[in-house]
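below is the structure, and that's it, no one-letter string:
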């Protein structure tokens, strides 16, 4: 709740001698403050403990991903997308692959789509677990963090079995995936869902009616519906303010229209609403995962007809001259794309991740712009922090659930 | 698709100068720089495109004129549809564009980023500073003439520069990403060959 600590009587304040005038203090929070989740730095101007001005300083994790993208082929950029929102690389891989596929007007088979949805939802659960755990720590609930990390670790073990890596998965390819599902993996995912739901209830039970947690979050950092729209917020931060925007429902991609799920929406737009949205989203993601496991189609897991885009299988490369040449061309010159421009957005755990690709044809984009949700979500900070105490800023940052790898690119 | 056609017709009736822009997905318009803000306002207020998703720019390289194009992506939460608006900056040497901060508060950081990366001045922006690079950084990295390896520059802090008597050097690209720009011979397309700071012609900096 924004607290007004100013003098009740402006005239009395003006009559005060100069030495009694409150002095503004300048405070730099970050770039390595525990509650700034990475390397965000905020330059505050404080009146006592109340923020009068907040100026986020970004760029500590800027690596020039967009410049790098202009200098490599479409497939080579997939590992860089892991490092955008490094808490949900599988979802980033998928968003990027679909964006390039839209450019090439390429359809991937149903199995590939279903695997992508399945992995993206698992990534959503793992990212929300991380966000929830870190939010818990920010407001002093250490045990929530430990519970979340245990569950997240189980997901990472599944990711490792699927992709070979726990964090930087690089799973999607333009026109397909890097490999098919391992045998017996779907059963393990199902088993994870079975044991996860009761634990999730337990984790949320630690916070939802917790007096300390409620005191720190209810009514704190309220984002109005109009502000959320004006600042281009997305994901749970937007839905927490009561705007029911979810691209998985509104503009279904990768076959999301086949799955049944609900979009949780907040009513007040405070930190607590954003927390509730994330908690419910995890349950909905589990619903999608279960449906995807149950209805996983068979057949191809990459676009077989896209011969100039998706590299042929290894056994064909080693036995056929034409396939060897084809593979060589794809690796060296990149997947061949037509000239044109597309903009594709996917509903990622942190919000809407967009790729704007300008192509002049060939295997390398002319310009690739990454519209990162964390960047847009943080842009409201100068407005949101003012009037709050510094300790509330910690709650606000935790509830916005941003990741700097994506914000700074 | 009919709705797309109706929508395009409505926009071009309202703004005769808005020409359809080649696009592989959503409806897109090329507008003159002076009309960009009226078009965006019309799209927001009359056509229901309430979200400004993205503001960015494209550098078509120093040989091209007009060189810089600013691109806005709008999203309608009612129609669940996107629209792309593009406007060329009139000047190549000092590119400038009107700021959309008056229409959407969220345009603030997007425009600061475009200014930082391309050097496009957004007139009417309340606080146009660099955002990803530090204040005082001399280059605009997403311009096409800026090399992938970077250029030598001073550190962000003059005190550190004075004490260490050194600065930023271009990144060593040997063993870096393997790149094949289409149309170029493979040997010259690789960053090891492209890198101006460190190759056979100019030795590795000590």
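That came through fine. Note that the structure is a prediction, hence the values are computed from the model and not measured.

for the helix or strand where residue A:28 lies, which helices and strands make contact with it?
Applying DSSP states H and E as the criterion places residue A:28 in strand A:24-29. Under the contact criterion of 3 or more Cβ pairs under 8 Å, 6 or more residues apart in numbering or on different chains; DSSP states H and E, strand A:24-29 touches strand A:41-47, helix A:390-400. Bear in mind the C-beta positions are built from the backbone N, C-alpha and C, glycine included.

pick the most deeply packed of the ones you listed.
helix A:390-400 (a mean of 23; mean count of other Cβ atoms under 10 Å in any protein chain shown).

lowest-pLDDT helix or strand in chain B?
Sorting the helices and strands of chain B by mean pLDDT, DSSP states H and E puts helix B:191-194 at the bottom, at a mean of 52.

any chance of JSON lines for the helices and strands packed on strand A:24-29, columns mean pLDDT and distance to residue B:103?
Formatted as JSON lines, the helices and strands packed on strand A:24-29 follow (pLDDT from 0 to 100; distance: least, Cβ to Cβ, whole Å):
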{"stretch": "strand A:41-47", "mean pLDDT": "88", "distance to residue B:103": "26"}
{"stretch": "helix A:390-400", "mean pLDDT": "89", "distance to residue B:103": "24"}
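
with distance to chain B added, can I get the ones you listed in a markdown table?
As requested, the helices and strands packed on strand A:24-29 are arranged in a markdown table below (distance: least, Cβ to the nearest Cβ, whole Å):
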| stretch | distance to chain B |
| --- | --- |
| strand A:41-47 | 12 |
| helix A:390-400 | 14 |
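
now the ones you listed as JSON lines including distance to residue A:305?
Below are the helices and strands packed on strand A:24-29 laid out as JSON lines (distance: least, Cβ to Cβ, whole Å):
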{"stretch": "strand A:41-47", "distance to residue A:305": "49"}
{"stretch": "helix A:390-400", "distance to residue A:305": "43"}
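
for residue B:33, which of the ones you listed is the nearest?
When the helices and strands packed on strand A:24-29 are compared by Cβ to Cβ, strand A:41-47 sits nearest residue B:33, at 33.5 Å.

the strand holding residue A:28: which residues count as buried?
The neighbour-count check on strand A:24-29 (16 or more other Cβ atoms under 10 Å in any protein chain shown) flags residue A:29 as buried.

and the contacts of it?
With contacts defined as Cβ atoms under 8 Å, 6 or more residues apart in numbering or on different chains, strand A:24-29 is touched by A:36, A:41-47, A:52, A:390, A:393.

what about the nearest residue to residue A:291 once chain neighbours are set aside, neighbour count?
Nearest residue to residue A:291, sequence neighbours excluded (Cβ to Cβ, 6 or more residues apart in numbering or on different chains): residue A:259, at 5.0 Å. Look at residue A:259: counted by other Cβ atoms under 10 Å in any protein chain shown, it has 20 neighbours.

for residue A:211, same thing?
Residue A:211 has 7 nearby residues by other Cβ under 10 Å.

can you report phi and psi for it?
phi -60, psi -40 (degrees, to the nearest 10).

what's the first helix or strand after whichever strand or helix holds residue A:186?
Using DSSP H and E, residue A:186 sits within helix A:185-208. Next along the chain after helix A:185-208, taking DSSP H and E as the criterion, comes helix A:211-217.

for that following helix, which outside residues touch it?
By Cβ under 8 Å, 6+ apart, the residues outside helix A:211-217 that reach it are A:139-141, A:207, A:270-272, A:275, A:392, A:395, A:399.

which residue is nearest the middle of the chain?
Since no chain was named, I'll use chain A. The residue lying closest to the centre of chain A (Cα atoms, centre = their mean) is residue A:350, at 3.1 Å.

that answer is for a different chain, and I need it for chain B
In chain B, the centroid-proximal residue (Cα atoms, centre = their mean) is residue B:57; its distance is 2.5 Å.

just to revisit the earlier point, state the pair within the contacts of strand A:24-29 that is farthest apart.
The most distant members of those, if one measures by Cβ to Cβ, are A:36 and A:47, lying 21.5 Å apart.

you'd agree the residue nearest to the centre of chain A is up against residue A:127?
Yes - judged on Cβ atoms under 8 Å, residue A:350 makes contact with residue A:127 at a distance of 7.1 Å.

where are the low-confidence patches of chain A?
A:1-18, A:20-22 (pLDDT under 70).

show the residue spans covered by the strands in it.
A:24-29, A:41-47, A:50-57, A:172-173, A:176-177, A:337-348, A:351-362, A:367-371 (DSSP state E).

so which elements touch the fourth one?
The one in question is strand A:172-173. Strand A:172-173 is packed against helix A:89-104, with contacts defined by 3+ Cβ pairs under 8 Å, 6+ apart.

check whether the helix it packs on contacts chain B.
Yes - Helix A:89-104 lies within reach of chain B by Cβ under 8 Å from any Cβ of the partner chain, at A:102-103.

can you pull out the helices in chain B?
For chain B, applying DSSP state H gives helices covering B:2-14, B:36-45, B:107-118, B:158-164, B:186-189, B:191-194.

contacts for the second one?
Judged by Cβ under 8 Å, 6+ apart, the contacts made with helix B:36-45 from elsewhere in the structure are B:11, B:14-15, B:18, B:29, B:31, B:49-50, B:52, B:70, B:72, B:74, B:83, B:85, B:87, B:97-98, B:100, B:102-104.
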